[in-house]
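Participant: got a predicted model here, sequence first, then my questions.
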Amino acid sequence: GIVDVSALGTVHNLYLIGCTGIVDVSALGTVHTLNLSDCTGIVDLSALGTVHTLNLSYCTGIVDASALGAVHTLDLSGCTGIVDVSALGTVHNLYLIGCTGIVDVSALGTVHTLNLSDCTGIVDLSALGTVHTLNLSYC
């Protein structure tokens, strides 16, 4: 399978769903729309903070999403290792479906569209009253 994606940084829309051999995504920070869903080998997201639309759903190796606050649309659904979402309050559209490790959502009140379906650890919703579109199904 695919391992080296260093030559793909100039691609506008890039889909690498299920490419579990990919570990190093440092060259992909200039991609506009990047789908790395189910790429379980990815851990370091520091280079992806400038991607416009980023799908990292079911990338179960991810524990630190703090570099992604400038992403416009971010999908981290099924990333059960993520606990701290305090840096993601500036994301416009944020999908955290099934992120059961998340408890504190106090920083997410400025997100426009927020999907926290099946985030069973969330109790305090007091900061979310200003969210435009909010999904809390199965919480």
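Facilitator: All right, it came through fine.

Participant: show me what contacts Asn55?
Facilitator: The neighbours of Asn55, taking Cβ atoms under 8 Å, 6 or more residues apart in numbering as the test, are Leu34, Asn35, Leu36, Ser37, Asp75. All C-beta spots, glycine's among them, are computed from the backbone N, C-alpha and C.

Participant: which pLDDT value belongs to the first one?
Facilitator: On pLDDT, Leu34 comes in at 98.

Participant: returning to that earlier point: may I ask which of the contacts of Asn55 has the most neighbours?
Facilitator: Leu36 (30 neighbours; other Cβ atoms under 10 Å).

Participant: I figured that residue hits Val25, correct?
Facilitator: Yes: using Cβ atoms under 8 Å, Leu36 makes contact with Val25 at a distance of 6.8 Å.

Participant: quick check: neighbours shared by the two?
Facilitator: Joint contacts of Leu36 and Val25 (Cβ under 8 Å, 6+ apart) are Ile42.

Participant: on that earlier part again, out of the contacts of Asn55, which is nearest to Gly49?
Facilitator: Using Cβ to Cβ, Leu34 comes nearest to Gly49 of these, at 11.6 Å.

Participant: helix, strand, or coil at the closest one?
Facilitator: Recorded secondary structure, Leu34: strand (DSSP: H, G, I helix; E, B strand; the rest coil).

Participant: quick check: it vs Val123, distance?
Facilitator: Distance of Leu34 to Val123, computed by Cβ to Cβ, to the nearest Å: 33 Å.

Participant: then Ala107?
Facilitator: For Ala107, the distance to Val123 - Cβ to Cβ - is 15 Å.

Participant: neighbour count: those two, which is higher?
Facilitator: Neighbour tally, Ala107 and Val123, criterion other Cβ under 10 Å: the higher count belongs to Ala107, 16 against 9.

Participant: tell me who's in contact with the more buried one.
Facilitator: Applying Cβ under 8 Å, 6+ apart, we find Ala107 in contact with Val85, Ser86, Ala87, Leu88, Gly89, Ala127.
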